[in-house]
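**Q** Predicted model follows, preceded by the sequence.
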Amino acid sequence: MAAPSSSSSSSSSYKYFCLTTPAPFVTHVEINRPDKLNAFHEAMWLELRAVFAALSSSPDVRAVVLSGAGDRAFSAGLDVVAASQTETLQGGKGGDAARRAAGIRRHIVEFQECITAIERCEKPVVCVLHGISYGLAVDIAAAADVRVCAAGTRMAVKEVDIGLAADIGSLGRLPKVVGSLGWVKEVALTAREFGAEEALRVGFVQRVGESKEAAVREATELAGLIARKSPVAVQGTKEILNHAKDHSVEENLKYTAIWNAANLQTDDIKAALFSTMKKTKPTFAKL
């Protein structure tokens, strides 16, 4: 099956995100609000969910690179000016405390689901952090599968500095990503910045590029390598690894057996074995 042609031109129909195809079967998603340091308001996170839902089911996408437009920031996090004008941060409107709380809870859950769309995307997501990467930026990165950052990136779990506990995923995902609850407690309770070297040391990022351009290039090369593999194998691997985070080894082995009972019947295995014997590059049908 022929791969889609590589293109660096924009194919985005979204307002706050720019989508391009830098390599076959690779989609590059850029958060596109650089004049506001790519800070998020409600319309943006709702659109983020739509973007990743579409990528998840697209047979023309096998891996995703996620970065921020501009040189100054991946994302400064929540647009606090816009947020301060919403009912949520104003304490809700109408009814008693329980009814106001119900409305706020629904709003938070919807926000959480928009960021979780990255984790639920069937395709592996490589996130590129650079410049200012605060608060929601860490939530987004933690939901991705692999993280790359540029030297000089300034990261922080910033929510305590605006008077709230991080509620969109960092506190749940970061301890599992880095494997150190103590480190997560320190950075979350103090809201202090940490840089690329520290992020690499604790395992939050897997690679560090000399610049944003170098980090994006590394992420695109990594995504391209993933995209050349069997999509059946890649998507199955992501699904099983995500399952493993919250289940015992025994439970995960049972889940894997059920998953592979279907997927071991794929023609991709024959294609991969044949190409290995012939020392050629395999091609795989779209999924």
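**A** Arrived safely. None of these values were measured; they are calculated from a predicted model.
**Q** residues in contact with the residue nearest the centre of the chain?
**A** Among the residues of the chain, the one closest to the centroid is A144, at 2.8 Å (CA atoms, centre = their mean). By CB atoms under 8 Å, 6 or more residues apart in numbering, the residues touching A144 are L66, I118, E119, V125, V126, C127. Glycine gets a C-beta too; all of them are placed from N, C-alpha and C.
**Q** and with 7 Å instead?
**A** L66, I118, V125, V126, C127 (CB atoms under 7 Å, 6 or more residues apart in numbering).
**Q** One more: C127?
**A** L66, I140, A141, A144, R147.
**Q** got the contact list for the helix or strand hosting the third one?
**A** By that I understand A141. Using DSSP states H and E, A141 maps to helix 136-143. With CB under 7 Å, 6+ apart as the test, helix 136-143 has contacts from 40, 74-75, 77-78, 115-116, 118-119, 127, 129, 147, 155, 157, 168-170, 173-174, 177.
**Q** now, which of the contacts of A144 sits nearest D267?
**A** Set against D267, the nearest of those by CB to CB is V125 (26.1 Å).
**Q** In this structure the closest one contacts L66, no?
**A** Yes - under the criterion of CB atoms under 7 Å, V125 makes contact with L66 at 5.7 Å.
**Q** For F52, which non-adjacent residue is closest in space?
**A** In space, and not counting its chain neighbours, F52 is closest to A117: 4.1 Å by CB to CB, 6 or more residues apart in numbering.
**Q** what's the angle between the strand or helix carrying that neighbour and helix 136-143?
**A** Element membership of A117, judged by DSSP H and E, is helix 97-120. Relative orientation of helix 97-120 versus helix 136-143 (axes from the mean of the first three to the mean of the last three CA atoms, to 10 degrees): 50 degrees.
**Q** Tell me the buried residues in helix 97-120?
**A** Going by neighbour count (16 or more other CB atoms under 10 Å), the buried part of helix 97-120 is R100, I104, H107, F111, Q112, C114, I115, T116, A117, I118, E119.
**Q** I'd assumed L171 was in contact with the fifth one.
**A** It refers to Q112. No - between Q112 and L171 there is no contact under CB under 7 Å: 11.5 Å.
**Q** how about D161, what does it touch?
**A** A191.
**Q** Also the one 5 residues further on?
**A** Taking CB under 7 Å, 6+ apart, we find A166 in contact with V157, E159, A188.
**Q** Output the residues you listed in CSV, with pLDDT, neighbour count and distance to Q206 appended to each entry.
**A** As requested, the contacts of A166 are exported to CSV (pLDDT from 0 to 100; neighbours: other CB atoms under 10 Å; distance: CB to CB, whole Å):
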residue, pLDDT, neighbour count, distance to Q206
V157, 97, 28, 19
E159, 94, 23, 25
A188, 97, 21, 21
